[in-house]
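> let's see this in three dimensions:
(4 chains)
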2 protein chains.
Amino acid sequence: MTDSEEKPIEFGAESSVPKAVVNRLSLYLRELQHLIRDGRETTSSTFLGARLGLTDAQVRKDLAYFGQFGHPGIGYRCPELVQEIRRILGTHRQWRVAIVGLGNLGTALVGHRGFSEQGFRVVAAFDTDLTKVDRKIHETPIYHIDRLPQIVQEEEIKLGIIAVPAASAQIVADALVSAGVEGLLNFAPVTISVPEGVSIVGVDLAIELEQLSFNVVNRQ
Amino acid sequence: MTDSEEKPIEFGAESSVPKAVVNRLSLYLRELQHLIRDGRETTSSTFLGARLGLTDAQVRKDLAYFGQFGHPGIGYRCPELVQEIRRILGTHRQWRVAIVGLGNLGTALVGHRGFSEQGFRVVAAFDTDLTKVDRKIHETPIYHIDRLPQIVQEEEIKLGIIAVPAASAQIVADALVSAGVEGLLNFAPVTISVPEGVSIVGVDLAIELEQLSFNVVNRQ
DNA sequence: TAGATTGTTAATCGATTAACAATC
DNA sequence: TAGATTGTTAATCGATTAACAATC
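Presented below is the predicted three-dimensional model:
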């Protein structure tokens, strides 16, 4: 935030990929995994797109940002494309994750199936409530928040999930970042700032319902 | 999905508002609510935008889709703009909501503070598990899923939250729609189809972590 | 070979930003 | 009045779609 006046002209080289493309990549991955379970070996951009309400051109263009994964005349081999997308997203390896805040939502997230299925392993949970500390939920040990710096380092935790009230979200974010976490998933209904080099994704469940409300009222 | 070949040329008239604009509207609302709590009476497009990493022009343009809410030379009066945005989103009134599926996530969502704070009232929860049925969580009665059609109608439920496994998500969606629900918030990691006139918003928590993973790997 | 389907270029469409007269 | 800030138009930028040669 200090000496940045000029655009980073050559830097990551990859920053040309639109956010929307990366989001669709996750949808392709999910759909491909369903196709594989249904016993399909290959698929086409037209078929894959139709399942998601997208054009065939968009599917091909999205994938073309990252390489050539298809076979002209044949389409995409499902397991092959799954592997490629997981590599692109970085979920071909396991991520070690911490959850901070064991209220309703945080507690639910510790045991969330979808996380482990996609390569995210919740290895630690933190709270201030002494009655929760030193127990386990779904195999995951619960620590007092004071031990966050220590545990994050020892357990080599790289991602943090913030599930505390809005009022403490920024403080928790700062603590996680100081401890060495590189990415945050924030469920608190507040905008959080992080230093450059740290990533943040926000999910506000009430906002999702608001979007739905708008769509219903405007019949969309 | 059957006889649709031509585009709906004149229909809702409102379908010219980009999805991204509506999403930012929710962010403006959230930020304004924080400003009010901090005792601020007015704000400017520059200030509001800065808090969200947006330009002043974008804030003004977004709001201009819906009307003229600002005061030249002064800015926006916070409580006034909050009211306007809530009216636009449809959250100035209470929505009656049902949750289907009382696993980890569904159970957490029944008591989710953020929902009630923004005008969403969870008035019924459904599950197949007989040990859960006929109890209450956080004041909300739990019914057997067989009673869904009856309760949705009696309770005038207009929104449904799907928190069941992927395998049963489409069936639950169909049941909710048949019963008269007009909007669905889907947490199951699967693409769901709904008839025209019904809205659906999907939230896949694993996908959110995947997006974070991509950002971390590509330092964004 | 004929049919299917890719990757990619060019054309189109839509969203964001910059600029500024109008207003308080 | 001078300074601040809006709403809106025009210019810019970026994303999506269409088209098609290359490939299996």
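> contacts and neighbour counts: CA atoms only from here.
OK.
> who's in contact with A:Val122?
Shown in contact with A:Val122 (Cα atoms under 8 Å, 6 or more residues apart in numbering or on different chains): A:Arg96, A:Val97, A:Ala98, A:Ile99, A:Val110, A:Ser116, A:Thr140.
> any idea how far apart the tips of stretch A:170-188 sit?
9 Å (Cα to Cα, to the nearest Å).
> who's in contact with it?
Residues outside stretch A:170-188 that contact it (Cα under 8 Å, 6+ apart): A:100, A:148-150, A:152-153, A:157-166, A:169, A:192-194, A:197-205, B:208-209, B:212-213, B:215-216.
> go through stretch A:75-84 and flag the buried ones.
A:Tyr76, A:Arg77, A:Cys78, A:Pro79, A:Leu81, A:Val82, A:Glu84 (16 or more other Cα atoms under 10 Å in any protein chain shown).
> report the secondary structure state of the last one.
Yep, that's A:Glu84 we're talking about. helix (DSSP: H, G, I helix; E, B strand; the rest coil).
> distance of it from chain B?
13 Å (Cα to the nearest Cα, to the nearest Å).
> can you turn the buried part of the contacts of A:Val122 into a ChimeraX selection?
Selection of buried members from the contacts of A:Val122 for ChimeraX, criterion 16+ other Cα under 10 Å:
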select /A:96,97,98,99,110,140
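> per-residue pLDDT, the residue of chain A most remote from its centre?
Within chain A, the residue lying farthest from the chain centre (Cα atoms, centre = their mean) is A:Gly73, at 33.7 Å. Note for A:Gly73: predicted pLDDT of 97.
> quick one: neighbours of A:Val133, just the number.
A count of nearby residues for A:Val133, using other Cα atoms under 10 Å in any protein chain shown, gives 16.
> let me know the pLDDT of it.
A:Val133 is given a pLDDT of 97.
> mind listing what the closest residue in space to A:Phe115 that isn't next to it in sequence touches?
Once flanking residues are discounted, A:Phe115 sits nearest to B:Ala206: 5.3 Å by Cα to Cα, 6 or more residues apart in numbering or on different chains. By Cα under 8 Å, 6+ apart, the residues touching B:Ala206 are A:Gly114, A:Phe115, A:Gln118.
> ok, now with 10 Å
B:Ala206 sits next to A:26, A:30, A:112-120, B:189, B:212 when contact means Cα atoms under 10 Å, 6 or more residues apart in numbering or on different chains.
> which of the contacts of A:Val122 fall within helices?
Judged by DSSP state H, those include A:Val110, A:Ser116 as members of helices.
> quick one: name the residues of chain A near DNA strand D.
By Cα under 7 Å from any atom of the strand, the residues of chain A that approach DNA strand D are A:17-21, A:54-55, A:57-58, A:61, A:71-74.
> in those residues, find the pair that's most separated.
A:Lys19 and A:Gly73 (29.6 Å; Cα to Cα).
> A:Asn104 against A:Ala163, yeah?
Yes. Assessed by Cα atoms under 10 Å, A:Asn104 is found in contact with A:Ala163 at 8.9 Å.
> got the domain ranges for chain A?
Domain assignment for chain A, taken from automatic domain parsing, gives A:8-89, A:95-207.
> looking at these, which is buried most?
Per-stretch averages of neighbours, counted by mean count of other Cα atoms under 10 Å in any protein chain shown, single out domain A:95-207 among those, with a mean of 19.
> spatially nearest residue to A:Cys78 (excluding sequence neighbours)?
Nearest to A:Cys78 is A:Thr42, by Cα to Cα, 6+ apart, at 5.1 Å.
> tell me the contacts of A:Pro141?
Taking Cα under 10 Å, 6+ apart, we find A:Pro141 in contact with A:Val110, A:Val122, A:Val123, A:Ala124, A:Ala125, A:Phe126, A:Lys132, A:Val133, A:Asp134, A:Arg135.
> which of the residues of chain A next to DNA strand D come close to chain B?
Near chain B, judged by Cα under 10 Å from any Cα of the partner chain, the entries from these are A:Lys19.
> in strands only, show me the residues of chain A next to DNA strand D.
Per DSSP state E, strands hold no members of the residues of chain A next to DNA strand D.
> out of the residues of chain A next to DNA strand D, the closest to A:His34 would be?
Closest approach to A:His34 among these (Cα to Cα): A:Leu54, at 17.2 Å.
> brilliant, that's me finished.
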